[in-house]
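Peer 1: What follows is a protein structure lacking sequence information:
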């Protein structure tokens, strides 16, 4: 059974709430589905080790992981990203 993975990326200095405009697709090497939802929130597919470093370079500070059985600790170990894991059963 194929699970649906949702990964939201949150920049801590958020001042806006909610999505007022359609998501903007971003072109960043390594990502097929990286979207900017607003000035503070992004969403993407599961990043690789190099992708976590690219997200940090983009200015992302915090990763919210909603995948039920997987954590990002190993893949993000070379970054200073804050990792938050909130497993959801879908």
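Peer 2: Everything's here; your move. Keep in mind that what you see is a predicted model, and the values were worked out from it rather than measured.
Peer 1: packing partners for the helix or strand containing residue 54?
Peer 2: Using DSSP states H and E, residue 54 falls within helix 49-58. When contacts are defined as 3 or more C-beta pairs under 8 Å, 6 or more residues apart in numbering; DSSP states H and E, helix 49-58 sits against strand 41-44. Placement of C-beta: from N, CA and C, glycine included.
Peer 1: Looking at the strand it packs on now, give me its mean pLDDT.
Peer 2: For strand 41-44, mean pLDDT is 92.
Peer 1: re the thing from before, buried ones in the following helix or strand past the helix holding residue 54, by neighbour count?
Peer 2: Using DSSP H and E, the helix or strand that follows helix 49-58 towards the C-terminus is strand 62-65. Buried residues in strand 62-65, counted by 16 or more other C-beta atoms under 10 Å: 63, 64, 65.
Peer 1: Compute the number of surrounding residues for residue 54.
Peer 2: Residue 54 has 17 neighbouring residues, counting by other C-beta atoms under 10 Å.
Peer 1: Might one say that it is in contact with residue 28?
Peer 2: Yes: with contacts counted by C-beta atoms under 8 Å, residue 54 reaches residue 28, the gap being 5.9 Å.
Peer 1: the strands in this structure, which residues?
Peer 2: Ranges of strands within the chain are 7-10, 24-26, 34-36, 41-44, 62-65, 82-85, based on DSSP state E.
Peer 1: Can you add distance to residue 74 and give those back as TSV?
Peer 2: Output for the strands of the chain, formatted as TSV (distance: least, C-beta to C-beta, whole Å):
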stretch	distance to residue 74
strand 7-10	15
strand 24-26	25
strand 34-36	21
strand 41-44	18
strand 62-65	12
strand 82-85	11
